[in-house]
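# sharing a model prediction with you, sequence too.
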Amino acid sequence: MLSFLTVRELFDLSRENNPLELDQIEYVQLEGWIKKIKNDSIELNDGSYFKSVKINFDVDFDASQLRLGQAISVVSKFEVVHFAKQRFSLNATTILVLADCDNSFEELSKDNRTTVRVKTDLYAALFKIRSSIMMSIHEFYQHQGFIYVNTPSMNNSLKQKLETESYIIAFRDVYSLQASVVDKSELWQQVTEIAFADIDDALDLLEELIKAIVVDVLDNCYLELDYLQNHVDNSLINDLRMIVNNDFVRLTSKNCKEEAIKNGFSDLTDEAKLFLSKNIYQTGLFILNSESNEFFIKDNDKKVNNAELVLFKSTSFKIFQEEENFESLKDRIDNQEYDWYLNLRKFGMINHAGFNFDIESLLLVICGFNDLNDVKILGGENVLSR
């Protein structure tokens with residue numbers, strides 16, 4: 001019997017080890033791209049699973065037609081192999097080239113500024129984890145009754161934040177997730193706003209969200225994480241478990257500065273913040289009342305009104321309690337472009353708080369990278385070859 005399967009389905013079947021199902025498989029047809037070529041075998045991947053499948057062929061098979069990156073269709077004889085790394089063997093009977101691959105592929109795949117890089121194991125792992133993060137964000141909020149909104153400003157992260165905030169006068173708890181231009185670079189911004197809330201509620205929610213995302217990645221992307229730990233950051237999985245298992249620490253910026261100086265830093269620099277998070281507290285670090293000149297922050301000198309979350313490799317998580325009072329806000333807005341934002345205070349605006357961060361900064365933490373260019377969708381100036 002011929003079974004058309006994906007690589008994921010094939011590995012799932014072998015792992016479940018159901019004799020009734022396996023006995024029905026005589027031949028397997030796979031479609032995918034060539035990842036490796038050897039004298040007597042190839043490795044094929046179709047994008048459905050991080051692992052590639054090994055397909056053997058006879059020594060008299062003419063493999064001169066095969067090249068890395070080609071799309072092929074393969075029919076193979078299937079046999080169960082117990083106690084082997086790959087619990088089945090595939091012996092090709094026919095191989096059909098569906099789409100050729102240019103000879104420049106190998107060189108281009110080493111450059112992270114090209115879309116070809118997605119064919120490499122490194123970026124296959126990265127983008128699978130990115131997909132998991134996006135799904136986790138939606139599931140987290142949807143299960144808690146949040147409304148997902150799309151804001152019109154795709155080239156201004158500040159406007160995206162303010163436009164998301166405008167929805168809380170009707171929907172209470174909202175979030176947005178879309179591309180935005182930050183410092184001339186396209187990043188994906190996640191903005192959350194909650195009504196009838198203060199900054200402590202926002203801090204609690206962000207910590208809960210980050211931990212939920214990391215748990216999902218640990219559960220669903222274990223092969224990808226194992227690869228990244230071996231090739232990018234050898235402490236990666238342990239770091240992620242610390243994020244999940246340890247409560248995030250909350251300190252004022254004054255206390256953080258004192259801790260930074262105790263540990264040999266001259267000031268509370270970004271380097272000092274990351275050191276405290278990773279090496280001293282070994283978890284997320286909320287720095288309360290960090291320096292910020294945003295006009296929308298609540299005017300309250302005695303209480304915390306803004307914070308930043310430092311998470312091992314990133315300081316890009318910003319948390320705010322926004323001003324709900326019209327009179328308190330109007331003197332800070334001298335640009336008619338934001339009159340609509342000010343006037344929201346006339347229509348039932350209640351105390352509220354929120355946060356925003358870019359997905360790429362979260363990817364630095366979860367994937368173990370150090371350079372933001374390496375996790376952008378179209379890459380940057382650095383070159384990685386894995």
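Good, I have the coordinates.
# what about the residue nearest the centre of the chain, which helix or strand?
In the chain, the C-alpha closest to the average C-alpha coordinate belongs to Arg130, at a distance of 3.4 Å (CA atoms, centre = their mean). Secondary structure here is read from DSSP states H and E; on that basis Arg130 sits in helix 121-143.
# and that helix, what does it pack onto?
Contacts defined by 3 or more CB pairs under 8 Å, 6 or more residues apart in numbering; DSSP states H and E place helix 121-143 against strand 147-148, strand 173-182, helix 199-220, helix 222-231, helix 359-367. For the C-beta atoms, the positions are set from N, CA and C on the backbone; glycine is no exception.
# just the buried residues of it, please?
For helix 121-143, the buried set under the neighbour-count rule, 16 or more other CB atoms under 10 Å, comprises 121-130, 132-133, 136-137, 140-141.
# how about the secondary structure of Ser89?
Three-state assignment for Ser89 (DSSP: H, G, I helix; E, B strand; the rest coil): strand.
# next up, the contacts around it.
If a contact means CB atoms under 8 Å, 6 or more residues apart in numbering, then Ser89 has Asn56, Phe78, Glu79, Val81 as its contacts.
# pull out the buried members of these.
Asn56, Phe78.
# among the contacts of Ser89, which has the minimum pLDDT value?
Going through the contacts of Ser89 one by one, the lowest pLDDT turns up at Val81, 85.
# relative to Thr94, how far out is that residue?
Using CB to CB, to the nearest Å, Val81 is found at 22 Å from Thr94.
# same question for Glu79.
17 Å.
# do the same with Asp58
When CB to CB is applied, the distance between Asp58 and Thr94 equals 12 Å.
# which stretches of the protein have low pLDDT?
With pLDDT under 70 as the threshold, the chain has low-confidence stretches at 59, 109-115, 153-155, 182-184, 301-302, 377-386.
# which stretches in it count as helices?
Remark: helices assigned in the chain by DSSP state H are 7-16, 19-23, 105-108, 121-143, 157-166, 168-171, 199-220, 222-231, 236-245, 253-262, 270-275, 326-330, 339-343, 359-367.
# residues in contact with the third one?
Contacts of helix 105-108 from elsewhere in the structure, counted by CB under 8 Å, 6+ apart, are Arg67, Leu68, Gly69, Thr114, Val116, Arg117, Lys119.
# cool, and the fifth one?
Helix 157-166 is contacted by residues 149, 151-154, 174-176, 178, 180-182, 187, 189, 191-193, 296, 322, 338, 340-341, 344, 352, 354, 356 when judged by CB under 8 Å, 6+ apart.
# pull out the buried members of the residues you listed.
In terms of neighbour count (16+ other CB under 10 Å), the buried residues within the contacts of helix 157-166 are 149, 151, 153, 174-176, 178, 180, 182, 187, 189, 191-193, 296, 322, 338, 341, 344, 352, 354, 356.
# which of the contacts of helix 105-108 tops the neighbour count?
Comparing those on neighbour count, Arg117 comes out first with 24 neighbours (neighbours: other CB atoms under 10 Å).
# re earlier: from the chain's centroid, how far away is the helix holding Arg130?
Centroid separation between helix 121-143 and its chain, computed with CA atoms, centre = their mean, to the nearest Å, is 5 Å.
# export that helix as PDB, just CAs?
The C-alpha trace of helix 121-143 is given here as PDB (Å, rounded to 0.1, in the frame of the first residue of the first chain):
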ATOM      1  CA  ASP A 121      18.400  24.700  10.200                       C
ATOM      2  CA  LEU A 122      19.300  27.800  12.200                       C
ATOM      3  CA  TYR A 123      16.500  29.900  10.700                       C
ATOM      4  CA  ALA A 124      14.100  27.000  10.400                       C
ATOM      5  CA  ALA A 125      14.300  26.800  14.200                       C
ATOM      6  CA  LEU A 126      14.000  30.500  14.600                       C
ATOM      7  CA  PHE A 127      10.900  30.900  12.500                       C
ATOM      8  CA  LYS A 128       9.200  27.900  13.900                       C
ATOM      9  CA  ILE A 129       9.600  29.400  17.400                       C
ATOM     10  CA  ARG A 130       8.400  32.700  16.100                       C
ATOM     11  CA  SER A 131       5.300  31.000  14.900                       C
ATOM     12  CA  SER A 132       4.800  29.400  18.200                       C
ATOM     13  CA  ILE A 133       5.200  32.800  20.000                       C
ATOM     14  CA  MET A 134       2.500  34.400  17.800                       C
ATOM     15  CA  MET A 135       0.100  31.600  18.400                       C
ATOM     16  CA  SER A 136       0.700  31.700  22.200                       C
ATOM     17  CA  ILE A 137       0.000  35.400  22.300                       C
ATOM     18  CA  HIS A 138      -3.400  35.000  20.700                       C
ATOM     19  CA  GLU A 139      -4.300  31.900  22.700                       C
ATOM     20  CA  PHE A 140      -3.300  33.700  26.000                       C
ATOM     21  CA  TYR A 141      -5.400  36.700  25.400                       C
ATOM     22  CA  GLN A 142      -8.400  35.000  23.700                       C
ATOM     23  CA  HIS A 143      -8.800  32.600  26.600                       C
END
